[in-house]
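give the three-dimensional model of this entry:
(chains A and B)
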Amino acid sequence: KQEVTQIPAALSVPEGENLVLNCSFTDSAIYNLQWFRQDPGKGLTSLLLIQSSQREQTSGRLNASLDKSSGRSTLYIAASQPGDSATYLCAAQNQAGTALIFGKGTTLSVSS
Amino acid sequence: NAGVTQTPKFQVLKTGQSMTLQCAQDMNHNSMYWYRQDPGMGLRLIYYSASEGTTDKGEVPNGYNVSRLNKREFSLRLESAAPSQTSVYFCASSKNVDEQYFGPGTRLTVT
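Residues are numbered from 1 along each chain as shown, chains lettered A, B, ... in the order given. Sure thing, here's the model as predicted:
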């Protein structure tokens, strides 16, 4: 059974710092991995999707990597800003059209 | 495009009452999903529909029923609400191989 873990549960950094959020999964036979952002009281916003055949995806200041052999994905945020403060969730999908298995998230706070 | 829409946004029910949560997507996606989000538990799948006319149980289906009314709409019904069903409910959709898009959620309280 796929399990997804995100450590740490919370992270505080000063503005401008580069940071890495970690996600690990137990079943390396994943179909894809997706990173989301959730603001308090809001829904989930998709940030990046990495297919199993890919090693990384980039969008603006965000870069997500996937290493299936080690069961790890990282989300790199460059030059963090207060507006990046939110909870970041990673989720693994084992087959096309099936459910996402979510980690519990890392809550990021960026101070100005 | 509105994306994924959910109604209602908020609801308070008494134990034993029933209600239906509505979800619609305008992206011509094949697959639709219902998740619940609870503090400390993360998001867990209740039911999903891989295509029109099919539905399957997820991790926490007890106490819920679903209907895939057509390709656009996927509803979640609570027949007899219990306090344990107090949660935030999210609907999502995807083309099978693509990323999932989430609605804004329904915040349900059962007293």
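
and the residue nearest to A:Ala64 when sequence neighbours are not counted, bridged to which residues?
Nearest residue to A:Ala64, sequence neighbours excluded (Cβ to Cβ, 6 or more residues apart in numbering or on different chains): A:Leu48, at 4.3 Å. C-beta coordinates here come from the backbone N, C-alpha and C atoms, glycine included. Going by DSSP bridges, A:Leu48 is paired in beta bridges with A:Trp35.

so the residue nearest the centre of chain B versus chain A, what's the distance?
In chain B, the C-alpha nearest the mean C-alpha coordinate belongs to B:Trp34, at 3.1 Å (Cα atoms, centre = their mean). Going from B:Trp34 to chain A by Cβ to the nearest Cβ, to the nearest Å gives 10 Å.

circling back: who's in contact with the residue nearest to A:Ala64?
Taking Cβ atoms under 8 Å, 6 or more residues apart in numbering or on different chains, we find A:Leu48 in contact with A:34-35, A:57-59, A:62, A:64, A:75.

give me the buried entries from the residues you listed.
Among the contacts of A:Leu48, those that count as buried by neighbour count (16 or more other Cβ atoms under 10 Å in any protein chain shown) are A:34-35, A:57, A:62, A:64, A:75.

surely A:Leu66 is in contact with A:Gln54?
Yes. In this structure, A:Leu66 is within contact of A:Gln54 by Cβ atoms under 8 Å, at 6.5 Å.

compare the two (neighbour count), which wins?
A count of neighbours by other Cβ atoms under 10 Å in any protein chain shown puts A:Leu66 above the other of A:Leu66 and A:Gln54, at 24 against 13.

what about the nearest residue to A:Ala91 once chain neighbours are set aside, how many residues nearby?
Sequence neighbours aside, A:Leu100 is the residue nearest to A:Ala91 in space, at 3.8 Å (criterion: Cβ to Cβ, 6+ apart). Using other Cβ under 10 Å, A:Leu100 has 27 neighbouring residues.
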